[in-house]
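Undergrad: Build me a model:
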Amino acid sequence: MDGWVAKVAGPVGDQVEDIFYTQEITALHNPSFFYQNKVLIFHPNLKKVVCVDPKDKRRPVVDKPDQDPLLDLQSIPKLGGKRDIVSEAGFSFTFGNEIPSQLVPEKQENKLSPAVTSGAKNTAERTGVGHAGKEGTSQELDFGINRSEEDPQGDLKSAEGASRFQLFQEVITQLIELEGYQHIAIKCYELPKPITHRSAYINKDTGKPRVFHVAYIRYLGLPLLIVEVDMDDYAPKKTLSTRVFGFNSDPLKSFRAIMQGCSDNGVRWDTKIINQHCGVSDFAKHPQRETSVEGVKQARTPSEYKDAWVAALDRAVTRTRQQVNNTEEVTSQL
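TA: This is a model prediction of the structure:
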């Protein structure tokens, strides 16, 4: 910002009057300012969290966290315990929608993400307020200083397709050539930021939000979404099945809630949220890269892999159509 002049208000240094401390910049406005290149913003304390794999291939196992802990005003937060973060937008900076800008982390922090126990019910937890103490038993309520006023359930952000996007397009193109299918569109979006602050939504290779691909199709008149989340930075250790969704009502709101739940759940499908918002749903596992012929393992060719993926998706879509038929049959008997 060399050469800029700003009108500001704030405390002046007690000893050196030439030093002016700015605690928060809420907006910068200049109607005549135009800069066609991207503006890069650096902050000395901003860290980029990168998920790393354990050297011994073992991850610490933790219980599923309580997403809605009970607020207990009488309890004392435990000193050094985990916090119940209500809202923490963190450091942000923008020139508005007209000028592209990007935050550039000064440091990198490697984080080993734990494995969450699947199937088990989460343990009910309590949140306390006030100063934490060694004798405390509850979480500490942390209503973040930098609170975001944006609606977390806003529109999904469009994104550039990942390397897997081309393969997904080819599979969908091959799928809709089958009888009964109609193609509408294929799009790519960023996974929404998790309110649980799980770091898995960041792609380890790019350092940017993970992307997912969506195919809008119809099968025998039934509108469906086929969703594929890019997990190539974890493959083959961790994968996520391709999902097929058919919604009860308000498909945009329902789809947004499902993808938010996936992000909040550490990039895992949340079946409870899916069942709440879908009239029909199913999944297709990714085909194995190898097949066994007479006891001998052989690598699938790219063409064979695509054929196997198309077949798996076709079975999943057919099952969703059958779910609708079963519901209509039961309804007709009432």
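Undergrad: got the buried residues for stretch 38-47?
TA: For stretch 38-47, the neighbour count (16 or more other C-beta atoms under 10 Å) marks no residue as buried. Placement of C-beta: from N, CA and C, glycine included.
Undergrad: again, but for stretch 192-207
TA: Of the residues in stretch 192-207, those buried (16+ other C-beta under 10 Å) are 192-194, 198, 200-203.
Undergrad: Quick one: find the helix or strand in this protein with the lowest mean pLDDT.
TA: In the chain, no helix or strand scores lower on mean pLDDT, DSSP states H and E than strand 83-87, which sits at a mean of 63.
Undergrad: now L167, what's its secondary structure?
TA: helix (DSSP: H, G, I helix; E, B strand; the rest coil).
Undergrad: residues contacting it?
TA: By C-beta atoms under 8 Å, 6 or more residues apart in numbering, the residues touching L167 are K306.
Undergrad: Q74 versus that one, what's the distance?
TA: 56 Å (C-beta to C-beta, to the nearest Å).
Undergrad: got a pLDDT number for the closest residue to V129 other than its chain neighbours?
TA: Of all residues not flanking V129 in the chain, L141 sits nearest, at 5.0 Å (C-beta to C-beta, 6 or more residues apart in numbering). We have a pLDDT of 75 for L141.
Undergrad: Spit out the contact partners of L141.
TA: L141 touches 71, 77, 83-84, 86, 127-129, counting by C-beta under 8 Å, 6+ apart.
Undergrad: now do E190
TA: Contacts of E190 by C-beta under 8 Å, 6+ apart are 156-159, 208-211.
Undergrad: related to what we said a few turns ago, between the buried residues of stretch 192-207, which sits nearest R59?
TA: Checking those against R59 with C-beta to C-beta, the nearest one is A200 at 12.0 Å.
Undergrad: how close does the closest one get to T123?
TA: Taken as C-beta to C-beta, the span from A200 to T123 is 21 Å.
Undergrad: List the contacts of the closest residue to D66 other than its chain neighbours.
TA: The spatially closest residue to D66, leaving aside those adjacent along the chain, is E125, at 4.2 Å (C-beta to C-beta, 6+ apart). For E125, the contacting residues are 65-66, 69-70, 84, 138-139, by C-beta under 8 Å, 6+ apart.
Undergrad: Please apply the same query to L112.
TA: So L112 contacts 51-52, 54, 59-60 (C-beta under 8 Å, 6+ apart).
Undergrad: how does it look with 10 Å?
TA: Shown in contact with L112 (C-beta atoms under 10 Å, 6 or more residues apart in numbering): 51-55, 58-60.
Undergrad: And the furthest pair within the residues you listed?
TA: C51 and R58 (15.3 Å).
Undergrad: Between these two, tell me which one has more neighbours.
TA: Per other C-beta atoms under 10 Å, whichever of C51 and R58 has more neighbours is C51, with 17 against 9.
Undergrad: my read: that one touches M231, true?
TA: No. Using C-beta atoms under 10 Å, C51 is not in contact with M231, being 11.9 Å away.
Undergrad: For the stretch 201-334 of the chain, which segments count as strands?
TA: 211-219, 222-229, 242-247, 278-284, 290-293, 296-299 (DSSP state E, counting those that start in this stretch).
Undergrad: Mean pLDDT for the ones you listed - can I get that in JSON lines?
TA: Below are those laid out as JSON lines (pLDDT from 0 to 100):
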{"stretch": "strand 211-219", "mean pLDDT": "94"}
{"stretch": "strand 222-229", "mean pLDDT": "94"}
{"stretch": "strand 242-247", "mean pLDDT": "94"}
{"stretch": "strand 278-284", "mean pLDDT": "93"}
{"stretch": "strand 290-293", "mean pLDDT": "81"}
{"stretch": "strand 296-299", "mean pLDDT": "85"}
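Undergrad: and those strands as JSON lines, adding distance to K272?
TA: Supplementary listing: these in JSON lines, determined by distance: least, C-beta to C-beta, whole Å:
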{"stretch": "strand 211-219", "distance to K272": "19"}
{"stretch": "strand 222-229", "distance to K272": "17"}
{"stretch": "strand 242-247", "distance to K272": "14"}
{"stretch": "strand 278-284", "distance to K272": "11"}
{"stretch": "strand 290-293", "distance to K272": "34"}
{"stretch": "strand 296-299", "distance to K272": "38"}
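Undergrad: how about those strands in TSV, adding mean neighbour count?
TA: TSV is the format used below for the strands of the stretch 201-334 of the chain (neighbours: other C-beta atoms under 10 Å):
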stretch	mean neighbour count
strand 211-219	21
strand 222-229	21
strand 242-247	22
strand 278-284	20
strand 290-293	10
strand 296-299	10
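Undergrad: Q108 is nearest to which of these?
TA: Once the strands of the stretch 201-334 of the chain are compared by C-beta to C-beta, strand 211-219 is nearest, at 21.4 Å.
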